[in-house]
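Peer 1: Okay, here's the prediction I keep looking at, along with the sequence it came from:
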Amino acid sequence: MIKSSHAVFAFLVAVLGVSLLGETAPAADGDLTRNAKKLYDTALRSAKARAIKDQQKRLLVKAWKKVETTDLGRVIARLRKVEKPPRSFPVVLALLVGEHLQRLFGDEPIREIEGLVDLLADDKPEVRETLLVESMGLADLRFARHLAGKEARAKEPALRRRAALCLGDLVNYGADDGNESGSLVALLDDPDAGVRAVAARRAFEARLDAVFDWALLNLGDRDKATIQLRGEEVTVIPGEEALRGLATLTRIQDDLLYRQYLKMTMQQKSTALELYRAWWRKHGETFPPPGFREADFRRRPSRKKTIVIEADGEAGAFQFWSSLDRTKIRIVADELELRARSMLDFEVNFHVRYMAQGMRSDDGEGYRRNLAVGERYILARKAIGCYVLVFQRMTGDRLAVHLRFHDLKSL
């Protein structure tokens, strides 16, 4: 439970999105539903006591059970506006915030969330960005999903760009239920060119089908933006990201520069677009009609597995054992190193080998340097299909390694 009243008030501003500064008088009773007003009155009466007793806690719990989560948020906001709070007021408010957290995220994530109270106490954009990044290191990603969706609608473009990065990471970690991929696709039409470019890059990296049609329609988007991306200052162009993504996905004209594309005649551009469409008809999927959720048609792995290892700079090595259709597959990584690319961004270097024994014997190896945490690393596509590795930097000097198997048709 969060015990600091200051931290509780800051939490309401940061997470509930309620602007409370400068308001001291309570709002009219008519803005609360009947059950919510009952909870408000019960909490206010309890706060007048010298100390909160078990009977009062039971009354609060009984009132909580009849109030929906959104109404509970309004009750908390209303209590924050009380003039000259009673002596037990901070305790009551802390109890309400704890209940609100429990309803949103369950019991287990609350203990991890409490470690971020200092960040919740500051609503500056740069601090909110740090909070979002730190939430990506929690074992339970529900809080990260909540924040990423919230910051995807933030007023500041820098926060929306960071949200695009984190949404792509969440999809690759396997935490997506359709909301994260849907939010990332929505950012493809953001008014800021930098947000559109970052969202396009992450959507292609996450292999979201919806980005294909978007790319075909937005190759001519030449707006520029200079942004901080993964610890580096770069100039990005949405149309260039669209072309790069199409070329990487299809391997068609993958040496074509964006400035060369812009100089092509209309006939040449039309021919290039038809090549991409022909590839999609053969290897991709038809874009579904409106009303489909992203989760209904996004390509999913056949199997997935996650391990967590210690990562204090030199993370050492790890190995996976997995079984698939009478084939036993072993993946071994060594020379594994986790490095900071910036205060908020990290990367890994490693050497990996895989060996398959059984019905579909196979083996291979590869080296990868400067792979950003959250991005996919695809092993060689051979007879057994394709393994994808994704690294997640976690709190407490840990590193999660997500292994996902796709058959060849799912890529």
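Peer 2: Perfect, I can see it now.
Peer 1: Which residues does stretch 160-170 contact?
Peer 2: Contacts to stretch 160-170, defined as Cβ atoms under 8 Å, 6 or more residues apart in numbering, come from residues 129, 132-133, 136, 141, 144-145, 148-149, 151-154, 176, 180-181, 183-184, 187, 190, 192, 194-195, 198-199, 202-203, 205-206, 227, 229-230, 344, 373-375, 392. Using the backbone N, CA and C atoms, a C-beta is placed for each residue, glycine as well.
Peer 1: and those, which of them are in strands?
Peer 2: Among the contacts of stretch 160-170, the members found in strands (DSSP state E) are I227, L229, Q392.
Peer 1: mind checking which helix or strand the most far-flung residue of the chain relative to its centre is in?
Peer 2: Distance from the C-alpha centroid of the chain peaks at R50, with 43.4 Å (Cα atoms, centre = their mean). Under the criterion DSSP states H and E, no helix or strand holds R50.
Peer 1: Can you name the residues that contact the nearest residue to it once chain neighbours are set aside?
Peer 2: Sequence neighbours aside, R87 is the residue nearest to R50 in space, at 6.4 Å (criterion: Cβ to Cβ, 6 or more residues apart in numbering). Applying Cβ under 8 Å, 6+ apart to R87 gives the contacts A47, K48, A49, R50.
Peer 1: what about burial for these, which qualify?
Peer 2: In the contacts of R87, burial by neighbour count holds for A47, counting by 16 or more other Cβ atoms under 10 Å.
Peer 1: so which of the contacts of R87 comes closest to W280?
Peer 2: Taking Cβ to Cβ as the measure, W280 sits nearest to A47 out of those, at 61.4 Å.
Peer 1: The closest one: what's it in contact with?
Peer 2: A47 touches P85, P86, R87, S88, F89, V91, V92, L93, counting by Cβ under 8 Å, 6+ apart.
Peer 1: Write the PyMOL selection for whichever of those are buried.
Peer 2: Selecting only the buried entries of the contacts of A47 in PyMOL, with 16+ other Cβ under 10 Å as the criterion:
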select buried, resi 85+86+88+89+91+92+93
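Peer 1: The contacts of A47: which two are farthest apart?
Peer 2: R87 and L93, at 12.5 Å, using Cβ to Cβ across those.
Peer 1: all strands of this structure, in order?
Peer 2: For the chain, the strands defined by DSSP E occupy 225-229, 232-236, 303-310, 314-324, 327-340, 346-358, 362-372, 376-378, 386-394, 398-406.
Peer 1: Out of these, name the one with the poorest average pLDDT.
Peer 2: With a mean of 69, strand 314-324 has the lowest mean pLDDT of these.
Peer 1: Report the residue ranges of every domain in the chain.
Peer 2: 5-118, 175-296, 303-410 (automatic domain parsing).
Peer 1: Export these as CSV, with columns for distance to L167.
Peer 2: Shown next, in CSV, are those (distance: least, Cβ to Cβ, whole Å):
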stretch, distance to L167
domain 5-118, 18
domain 175-296, 4
domain 303-410, 10
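Peer 1: out of the ones in strands among the contacts of stretch 160-170, who's nearest K66?
Peer 2: Taking Cβ to Cβ as the measure, K66 lies nearest Q392 of those, at 38.9 Å.
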